[in-house]
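Student: need a structure here:
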Amino acid sequence: MKPGTDFYRWSGRIAEAGMVIIAVALVFLAVTGPAGDTGGMAEIARSLARPVPPGQARAFARGIKEARLLVDGNGDPAAALAELKKLYPGRHEVWALSARSHENTGDNRDALMDYARAVRLKGDYLDAGSPLYLGGRIRSLVRRIFPALLKKKKREELAGNEKELLKVVYFLRRRIAGGCE
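Tutor: You can find the predicted model right below:
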C-alpha cells in the first residue's frame, strides 16, 4: 500500500486516539489511587505526557472531562488538577476547570486568579457567543470581591497578594467591558 491511502490515514488516527486514551487512563489511575499513595502512576503519566499539539484540542478536551467529573461530583479534584497543571500548564481548559473547583470550595481569590489565567490564554471565556463562555460566573465573582478590595485600598490596608488580586480584578473588569489587556 502507498502512503497517503486511507489505510495509513486511519491507522495514524487510531494510534493518536490510543495514546490519548492511555494518557487519560494513567492520569485517572494516578488520581484515584489510595490517599497519598499513587503507586508511581503519577510519575509514569508525567513521563508519557507530551504537550497537546494544536490540532488535537478536541481530544484533549475529552481528556479534561475525566477531571471535570471529579470537580462536579463527590471526588477530590485537587490531586487531579495538580497533575493536569503539571502536564499542561499552557492549556486554558485546565485553568478554567481549576477556577471552577476553587469556586465550588469557596476560595474566590484563587478562582479569580485561575479564571484570569484562562482568559489570558484564550479570551473566548468572555465572548458571549462562545461555547466556552463563563462571563456570568466571572462577573459575579468580580462583583463580590471588588467592593471589599476597594475599601481596603482606600484605607491602604492591601497586603501583597491583595494588590495582585486587585490587578487581576481590574484586568477582568476591562475584559468584561470589552477592552483589551
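Student: From now on I want contacts and neighbour counts done on CA atoms only, so please keep to that.
Tutor: OK.
Student: And residue 130, how far from residue 161?
Tutor: 31 Å (Cα to Cα, to the nearest Å).
Student: same question, residue 100
Tutor: 20 Å.
Student: So for the two, which sits in the more crowded spot?
Tutor: With neighbours defined as other Cα atoms under 10 Å, residue 100 and residue 161 compare such that residue 100 has more, 24 against 10.
Student: ranges for the helices of this structure?
Tutor: 6-32, 41-48, 57-72, 77-87, 92-105, 108-121, 135-154, 160-176 (DSSP state H).
Student: Which of these has the lowest mean pLDDT?
Tutor: Out of the helices of the chain, helix 41-48 stands lowest, with a mean of 41 (criterion: mean pLDDT).
Student: Chain neighbours aside, what residue packs nearest to residue 113?
Tutor: residue 168 (6.7 Å; Cα to Cα, 6 or more residues apart in numbering).
Student: burial count for that neighbour?
Tutor: Neighbours of residue 168 (other Cα under 10 Å): 20.
Student: residues touching the residue nearest to residue 166 when sequence neighbours are not counted, list them.
Tutor: In this structure, residue 166 finds its nearest non-sequential neighbour in residue 149, 6.7 Å apart by Cα to Cα, 6+ apart. By Cα atoms under 8 Å, 6 or more residues apart in numbering, residue 149 lies in contact with 158, 162, 166.
Student: switch to 10 Å and redo it
Tutor: Counting by Cα atoms under 10 Å, 6 or more residues apart in numbering, residue 149 touches 155, 157-158, 162-163, 165-166, 169.
Student: Filter those down to the buried ones, PyMOL style.
Tutor: Command for PyMOL that selects the buried part of the contacts of residue 149, burial taken from 16 or more other Cα atoms under 10 Å:
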select buried, resi 158+165+166+169
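Student: Looking at the contacts of residue 149, which is nearest residue 87?
Tutor: Of all these, residue 87 sits closest to residue 165, with 25.5 Å by Cα to Cα.
Student: Could you measure from residue 108 over to residue 144?
Tutor: Distance from residue 108 to residue 144, by Cα to Cα: 9 Å.
Student: These two: which is more packed in?
Tutor: Taking other Cα under 10 Å, residue 108 and residue 144 do not tie; residue 108 has more neighbours (18 against 12).
Student: Could you chop the chain up by domain?
Tutor: Following automatic domain parsing, the chain resolves into domains at 1-89, 95-181.
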